[in-house]
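# I'd like to go over a predicted model; first the sequence, then the structure.
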Amino acid sequence: MTATVHVDLPGRAYDIIIGPGVLDQAGARIAAMGGRRHICILTDETVAGLHLASLQASLAAAGLTSQALALPPGEGTKCWAQLERSVEWLLAQKVERGDIVVAFGGGVIGDLAGFAAAILRRGVRFVQIPSSLLAQVDSSVGGKTGINSPIGKNLIGAFHQPSLVLADTALLGTLTSRDFLAGYGEVVKYGLLGDAAFFDWLEAEGPALARGDMAARVRAVTRSCQMKADIVQRDETEQGDRALLNLGHTFCHALEAATGYSDRLLHGEGVAIGCALAFELSARLGLCSQEDPSRVRAHLRDMGMKVDIADIGGDLPDAAGLLALMGQDKKVVDGKLRFILARGIGDAFITSDVPREAVLGVLQDALDQTRR
Ligand code: GLY
């Protein structure tokens, strides 16, 4: 049940290996990449408690020694202090230019460890072993690495492609249902942005996939990674098409900022709500049919996910306040907000030509629901 997606970037090509149990192949695959026989692993305390022994056993079986630094779990770890700690630890471990650093965890660890690898000795190779669904389908693939600034998320970073990604779908079994479904928000995003047949399949198989159907999980992760690889191959540094991957993210980042990047709203939950709002905005602008946003929302509802701003709960800024928070987004170009809108399910496009009043209208109506 193992699948491989190849990311074909000149001089930086790599494979994404997907399937249950691929963690056990980590040692043999990493040993085959050369470098020192000592592997440094950056992970978080939760993942370390659950899975680090398996990873280290696989490395040992391939004749590799290893040492791990387990950082605190949570978005707060993507900060200067933990980056400094990680880089200094890697230097103390005597990591050299030809060596390999392993990022073992969810999106936070992947982004931070990837950035540490990007700046250490002007760049060392790293292997992503993503443990969350969100990291397996999105953040571990494509080479975006970085940390957050108090000014905003992911504002400090670099493009640095991994040399290998091992997405062990059996690890998803230890996620909470909430974390799993948050990652599923990114899976739905792929169907919505570029593959209507995949969205049809998710409507049919999503509930089984959430219950643990392994073949469905492998297929969903593989299709998501394939779509991401295709886009990254066309546009590695987001000069154009890569921005399609930000479907739902302009709304999402405003909602995340409004909720203080806290547990009130996980990133993938914000992406799902953001996708529903992007389709609502597209329908109001006459770009897609009215049925499309209803279908998006029905699927998210079927999956037991947050669908509307009203599902977040608690106080939120007004519509103008949320719009102002969108202005902090990296996707602002020359002061204009860039949106990913859709002509239909599976047919997204990038535009800076969105009337402010239309965005305000969508936000206002969504906020009005929270007061009903
Ligand atoms: N997560 C969006 C991207 O990698 O471009």
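Thanks, I have it. Residues are numbered from 1 along each chain as shown.

# Restrict stretch 83-102 to CA atoms and write it as PDB.
Taking C-alpha atoms only, stretch 83-102 is exported to PDB below (Å, rounded to 0.1, in the frame of the first residue of the first chain):
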ATOM      1  CA  LEU A  83      15.100  28.500  16.200                       C
ATOM      2  CA  GLU A  84      18.300  29.700  18.000                       C
ATOM      3  CA  ARG A  85      18.100  26.700  20.400                       C
ATOM      4  CA  SER A  86      17.700  24.300  17.500                       C
ATOM      5  CA  VAL A  87      20.500  25.800  15.400                       C
ATOM      6  CA  GLU A  88      22.900  25.900  18.300                       C
ATOM      7  CA  TRP A  89      22.100  22.300  19.200                       C
ATOM      8  CA  LEU A  90      22.700  21.200  15.600                       C
ATOM      9  CA  LEU A  91      26.100  23.000  15.700                       C
ATOM     10  CA  ALA A  92      26.900  21.400  19.000                       C
ATOM     11  CA  GLN A  93      26.100  18.000  17.500                       C
ATOM     12  CA  LYS A  94      28.700  18.900  14.800                       C
ATOM     13  CA  VAL A  95      26.400  18.800  11.900                       C
ATOM     14  CA  GLU A  96      28.400  19.400   8.700                       C
ATOM     15  CA  ARG A  97      27.500  20.500   5.200                       C
ATOM     16  CA  GLY A  98      27.000  16.900   3.900                       C
ATOM     17  CA  ASP A  99      24.900  15.700   6.800                       C
ATOM     18  CA  ILE A 100      21.200  15.200   7.100                       C
ATOM     19  CA  VAL A 101      18.800  16.700   9.700                       C
ATOM     20  CA  VAL A 102      15.500  15.000  10.300                       C
END
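
# Could you check that stretch and say which residues are buried?
83, 85, 86, 87, 89, 90, 93, 95, 99, 100, 101, 102 (16 or more other Cβ atoms under 10 Å). Quick note: C-beta positions are derived from backbone N, CA and C, even for glycine.

# Roughly how far does the residue lying closest to the third one once chain neighbours are set aside sit from the ligand?
Closest residue in space to residue 86, ignoring its immediate chain neighbours: residue 116 at 4.6 Å, by Cβ to Cβ, 6 or more residues apart in numbering. In this structure, residue 116 lies at 18 Å from the ligand, with Cβ to the nearest ligand atom, to the nearest Å as the measure.

# Then residue 150?
Residue 150 is 21 Å from the ligand, by Cβ to the nearest ligand atom.

# likewise residue 190?
11 Å.

# starting at the chain centroid, how far to the host helix or strand of that residue?
If you go by DSSP states H and E, residue 190 is part of helix 177-194. Centre-to-centre, helix 177-194 and its host chain are 9 Å apart (Cα atoms, centre = their mean, to the nearest Å).

# Residue of the stretch 201-350 of the chain closest to the ligand, please.
Nearest residue of the stretch 201-350 of the chain to the ligand: residue 245, at 3.9 Å (Cβ to the nearest ligand atom).

# show me what contacts that residue?
Residue 245 makes contact with 138, 142, 189, 193, 228, 231, according to Cβ atoms under 8 Å, 6 or more residues apart in numbering.

# got it, and residue 269?
Residue 269 touches 181, 182, 185, 305, 306, counting by Cβ under 8 Å, 6+ apart.

# Mind jotting down where the helices sit in the stretch 201-350 of the chain?
Listed in chain order, the helices found in the stretch 201-350 of the chain under DSSP state H, counting those that start in this stretch are 214-234, 249-258, 267-284, 291-302, 319-326.

# near the ligand, which residues of the stretch 201-350 of the chain?
242, 245 (Cβ under 6 Å from any ligand atom).

# which regions of the stretch 201-350 of the chain sit below the pLDDT cut-off?
328-336 (pLDDT under 70).

# secondary structure class for residue 4?
strand (DSSP: H, G, I helix; E, B strand; the rest coil).
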